[in-house]
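Colleague: turn this into a structure:
(chains A and B)
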Amino acid sequence: MNTNTNKHVVVIGNGMVGYKFCEKLVAKQKNGGRFTLTVFGEEPRVAYDRVHLSAYFAGKTAEDLTLAPADWYAGNGIKLYLTDPVVDIDRERKEVRSHHGVVVPYDYLIMATGSGAFVPSVAGVEKDGVFVYRTIEDLELIQSYACTARKGAVLGGGLLGLEAAKALLDLGLDEAHVVEFAPRLMPRQIDDAGSGILQRQLESLGLTIHLSKSTQEITGDDCITGMQFADGSLLDVDMLVISAGIRPRDELAKSAGLDIHPRGGIIVDNYLQTSDPSIFAIGECAVAHHMIYGLVAPGYEMAEVVASQLIGETKEFKPFDMSTKLKLIGTDVASFGDPFASEPTCRTIVYENKAKGVYKRINVSADGKALLGGILVGDAEQYNMLLQTCKNKTILPPDPEDIILGSRGGEEAGAGVMSLPDDVLICSCEAITKAMLCHEIGENGNDTVDKLKKATKACTGCGGCTPMVKDLIQGVMKEKGVYIRNIICEHFDYTRQELLDLVKMNRLTTYGTVLDQFGHGDGCEVCKPAVASILAGLWNENILKKDLAPIQDSNDRFLANIQKGGTYSVVPRIPGGEITPEKLIVLGQVGQKYGLYTKITGGQRIDLFGAHVGDLPKIWEELINAGFESGHAYGKSLRTVKSCVGSTWCRYGVQDSVSFAIELEERYKGLRSPHKLKSGVSGCTRECAEAQSKDFGIIATEKGWNVYVCGNGGTKPQHAQLLASDVDKETCIRLLDRFLMFYVKTADPLARTATWLNKMEGGMTYLKAVVIDDVLGIGDDLEREMQLIVDTFKCEWKEVVESPELRKRFTHFVNAPEVKDPTIAFEPMRDQVRAKEWA
Amino acid sequence: METLTLYKDEITWHVACQVDDIPENGGACALINGRQVAIFNFARRGEWYATDNECPHRQQMALGRGMIGSQGDEPKVACPFHKRTFSLETGKCLNDDTYQINTYPVKVDAGLVYVGV
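Modeller: From the prediction side, this is the model:
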């Protein structure tokens, strides 16, 4: 199209779509093309929001509904004629003539004449008190008539009809009826069951619904007094609003000789051109792809398509998705894809809760893999997720009902800290409840962890509540309408995930370079361990390397857990909890030699307490010589894979859980993550390894293994949820590689897998989509990154033991390496020792 | 243990350790006249600091093992036990007003670190 010279564009119709076209063309002109725009409108007002017409009765003014004020048109060089419809198009001379005699030439003519109300041919429609529901003028007439009316009815139970019914309610009529010819409400969008739920909701608001009613006559002399139906019944009403559908305004196009569809509407091609290439039709007056698109979204898309073409771009109007979600008198109603697909071509899954007024239906392809469409009434929160799943043909989880019902048995979505009761103890050290913290955050402006520490002492004891306190701050602020990004600390304006991506892209390997490039200040005890975890997850270097050691948290810094009094505990790895008598003897000997208190841990290994920092290398040297490795009990990393004895001994076991637990522990040992990771493998459904309380847990079945993820004990226990069932070992490991690496890369610092999942948009459905269906296309990367960690594993303690340089750091006094901290003291207890109580 | 008075200032300087004994941007503890002193090589700021090794919160000898950093412009150290943080300049506890530690002057000369006690 030639866009060099100034072109005259005339728009007939100043409705929503006509206005949108002007808006788009004005915006696009800035990129090329010069146009003189003239707009003719039949109504006395500039374009307004017809979709929310009923808001007019709920208190909105005509101005509130206006899309752009009259001076917007003038300001953009648009000549606007209102109350002046075009009455003639001269296609030979390429000009239009208006009712008032204005003649304007055009290079391009845009028909945006919209539609009028369809009025069925029922005897008596001409009587006073019978209205249509289309324009603000219609509404004004309805409003003034309603002053003297008591009973009103709407003819038509579709989208617009129900809007009109809401209008009658808002006008304060004593009775408001909806009369629908079809056996259900909104017959184009929802099915019988959905309609039933909707009907109940509407009835509870005071509407009376009449279905399968064919109106034969509108009774009364001059004014309407009632409706006579074909089944012989009568309904007394003082006024009637007809909202039985739309009829495209094609009369002008017809008289101009353009091709018109036999059932009404201006026929256009894929480029929205009519049978005259200079004339386009958009919105509800056009028939594209053999249909009239009676929604505003496709109308806007049509405006975009034509505006684009005028500035010389090629753009087609594609069949438009008619999925809709709206709130009808307070009730969510949505339909998407093919809402009515039915068996046997598909499997239909229905959830109905009459008490709550919720109905959900999804249509799943016969092979169970694709979502074909569905209906939501009463709760359409999942609409966007479902629509995307449907449009993108995302492969569904093995139990497709999960996508509308959520995972059952686990906690519901929103299991975050905000869902806890007010009196729950968040900080158990200082006995501080959720309510106290919320009050400080919301009322006293203590909206950072540091401020809360000062105001309440929360997080100042063991610090275990800090992540929950952070979530509370976010939750309270979110309720106040303030969104806080979970940035790491004052030194980095990034979330952990953002920083991880930056560190990876820039291949940074030291804290100093990360701080120089992406942070400010000198760092702190929050960002240093966070960056340490990021670096470890990406490059897997020994964490005590020169630049890395000072950024490690208390325990990592000495590869041991600091305990009361300043001694450390030693936990060698005992994969799967399996240990030979010989190794047990070594542990006993080491404990004896260094005077250590010994205890079996919850993770099936042995903890040796009370080691002086200077003794740690010597202790580990002996352990490593006996074949032990670091157990990473000090790290935010894999702790143990607990196992039951399984099929090798147990008379119930169906698989060898110990061997698999050892295999998994050997694979993921040393993996550094946002928080500690615990796992378990049970040999049968009796679940003796408590796998369902682990970050990842595996339970043997007759056919393979069931994989559960995102459980934990701890402060807020949560059951793990099923990720996959009856998979073989290889699949299990592949899924776990992806799951764990995805967690390592995307979780906030110190967020366990359960917390991470609770905060994840889309929850388990989304996690499955990423891990199993690989919707993000990152599956291979995650597996490769995990393999790198596996391949580069080295026992940290072995490296320290063998390096005089690193060993040197394990002293209490740098200037007196042989002297132990004289303040350390023990007290006897049950034949062993314990740390002296805090002073 | 070596304890030398090298300068005749009002401060008595003690040789604490060699520069290499303290990790860059980290700390360690030295025993000086029977006193446990935490020494920090804040290489990022080109500064050395010394404080009590004892964290007054639970009387733990641990500050030398703490992470250093900054809060605003204030250089600080965090106790590895419960993350009380203390100004390396003033010894003031930054997240709990009830605590205060001593700070000591530090000098570096010819590869040796001196602390004034």
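Colleague: all contacts plus neighbour counts: C-alpha atoms, from now on.
Modeller: Fine.
Colleague: who touches A:Thr640 in this structure?
Modeller: Residues in contact with A:Thr640 (CA atoms under 8 Å, 6 or more residues apart in numbering or on different chains) are A:Arg573, A:Ile574, A:Pro575, A:Gly576, A:Gly603, A:Gln604, A:Gly631, A:Glu665, A:Leu677, A:Lys678, A:Ser679, A:Gly680.
Colleague: look up how far chain B lies from the residue nearest to the third one when sequence neighbours are not counted.
Modeller: Nearest residue to A:Pro575 in three dimensions, chain neighbours excluded: A:Ile662, at 5.0 Å (CA to CA, 6 or more residues apart in numbering or on different chains). Distance of A:Ile662 to chain B, given as CA to the nearest CA, to the nearest Å: 33 Å.
Colleague: what does the helix or strand hosting A:Ile662 contact?
Modeller: Here A:Ile662, judged by DSSP states H and E, is contained in helix A:657-668. The contact list for helix A:657-668 (CA under 8 Å, 6+ apart) reads A:575-576, A:578, A:638, A:640-647, A:680-683, A:700, A:733, A:790.
Colleague: 6 Å instead?
Modeller: With CA atoms under 6 Å, 6 or more residues apart in numbering or on different chains as the test, helix A:657-668 has contacts from A:Pro575, A:Gly576, A:Val641, A:Ser643, A:Val645, A:Gly646, A:Val681, A:Ser682, A:Gly683.
Colleague: kindly report the same for stretch A:526-535.
Modeller: Here stretch A:526-535 has contacts from A:Leu500, A:Ile551, A:Gln552, A:Asp553, using CA under 6 Å, 6+ apart.
Colleague: how about stretch A:260-269?
Modeller: The list of residues contacting stretch A:260-269 from outside it, by CA under 6 Å, 6+ apart, reads A:Pro248, A:Asp250, A:Asp259, A:Thr274, A:Cys285, A:Ala286, A:Val287, A:Ala288.
Colleague: by proximity to chain B, which residue of chain A wins?
Modeller: Relative to chain B, the nearest point of chain A is A:Cys524 (4.2 Å; CA to the nearest CA).
Colleague: cross-check the contact I'm expecting between that residue and B:Gln71.
Modeller: No - counting by CA atoms under 6 Å, A:Cys524 does not reach B:Gln71; the two are 7.6 Å apart.
Colleague: quick check: residues of chain B near chain A?
Modeller: Counting by CA under 6 Å from any CA of the partner chain, chain B comes close to chain A at B:Cys17, B:Gly26, B:Cys29, B:Ala30, B:Met67, B:Gly69, B:Ser70, B:Pro80, B:His82.
Colleague: who's the second one bridged to?
Modeller: If I follow you right, that is B:Gly26. As for beta bridges, B:Gly26 partners with B:Asn41 under DSSP bridges.
Colleague: need the contact list for it.
Modeller: Neighbour list for B:Gly26: A:Pro550, B:Phe40, B:Asn41 [criterion: CA under 6 Å, 6+ apart].
Colleague: now with 8 Å, please.
Modeller: Counting by CA under 8 Å, 6+ apart, B:Gly26 has contacts A:Pro550, B:Phe40, B:Asn41, B:Phe42, B:Arg65, B:Gly66, B:Met67, B:Ile68.
Colleague: got phi/psi on A:Arg507?
Modeller: phi 50, psi 40 (degrees, to the nearest 10).
Colleague: and it, how far is that from A:Leu535?
Modeller: 10 Å (CA to CA, to the nearest Å).
Colleague: close to chain B, is stretch A:446-461?
Modeller: Yes - applying CA under 8 Å from any CA of the partner chain, one finds stretch A:446-461 in contact with chain B at A:Asp450, A:Lys453, A:Lys454, A:Thr460, A:Gly461.
Colleague: tabulate those residues in CSV, adding columns for neighbour count, secondary structure and pLDDT.
Modeller: Below are the residues of stretch A:446-461 next to chain B laid out as CSV (neighbours: other CA atoms under 10 Å in any protein chain shown; DSSP: H, G, I helix; E, B strand; the rest coil; pLDDT from 0 to 100):
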residue, neighbour count, secondary structure, pLDDT
A:Asp450, 17, helix, 83
A:Lys453, 18, helix, 85
A:Lys454, 16, helix, 83
A:Thr460, 23, coil, 72
A:Gly461, 18, coil, 68
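Colleague: return the member of the residues you listed nearest to A:Val417.
Modeller: A:Lys453 (18.3 Å; CA to CA).
Colleague: who has more neighbours out of A:Cys524 and B:Gln71?
Modeller: A:Cys524 (22 against 18; other CA atoms under 10 Å in any protein chain shown).
Colleague: you'd agree that one is up against B:Gly69?
Modeller: Yes - using CA atoms under 8 Å, A:Cys524 is in contact with B:Gly69, at 4.2 Å.
Colleague: now the residue lying closest to A:Lys79 once chain neighbours are set aside, what's its secondary structure?
Modeller: Spatial nearest neighbour of A:Lys79, chain neighbours left out: A:Thr38 (4.7 Å); criterion: CA to CA, 6+ apart. Using DSSP: H, G, I helix; E, B strand; the rest coil, the structure places A:Thr38 in strand.
Colleague: any idea which element B:Gly69 lies in?
Modeller: Under the assignment here (DSSP H and E), B:Gly69 is part of strand B:67-71.
Colleague: run the chain-centre distance for that strand.
Modeller: Between the centre of strand B:67-71 and the centre of its chain there are 13 Å (CA atoms, centre = their mean, to the nearest Å).
Colleague: just the buried residues of the helix or strand following that strand, please?
Modeller: Moving toward the C-terminus from strand B:67-71, the next helix or strand (DSSP H and E) is strand B:74-78. Of all the residues in strand B:74-78, those buried under the rule 16 or more other CA atoms under 10 Å in any protein chain shown are B:Pro75, B:Lys76, B:Val77, B:Ala78.
Colleague: and the furthest pair within these?
Modeller: Taking CA to CA as the measure, the buried residues of strand B:74-78 span a maximum distance of 10.4 Å, between B:Pro75 and B:Ala78.
Colleague: what do the two both touch?
Modeller: B:Ile68.
Colleague: for the stretch 601-750 of chain A, what spans make up the helices?
Modeller: A:616-625, A:657-668, A:729-746 (DSSP state H, counting those that start in this stretch).
Colleague: tell me where the model's unsure across chain B.
Modeller: Flagging of chain B using pLDDT under 70 yields the residue ranges B:1-9.
Colleague: list the residues that contact whichever residue of it sits closest to chain A.
Modeller: Closest residue of chain B to chain A, CA to the nearest CA: B:Gly69 (4.2 Å). B:Gly69 is in contact with A:Asp522, A:Gly523, A:Cys524, A:Glu525, B:Pro75, B:Lys76, B:Val77, counting by CA under 8 Å, 6+ apart.
Colleague: please, which helix or strand holds A:Phe317?
Modeller: Using DSSP H and E, no helix or strand contains A:Phe317.
Colleague: I figured it hits A:Glu301, correct?
Modeller: Yes - between A:Phe317 and A:Glu301 a contact is recorded at 7.5 Å, counting by CA under 8 Å.
Colleague: which residues touch the spatially most central residue of chain B?
Modeller: In chain B, the residue lying closest to the centroid (CA atoms, centre = their mean) is B:Ala50, at 2.3 Å. Counting by CA under 8 Å, 6+ apart, B:Ala50 makes contact with B:Val37, B:Ala38, B:Ile39, B:Phe40, B:Leu88, B:Thr103, B:Tyr104, B:Pro105, B:Val106, B:Val115.
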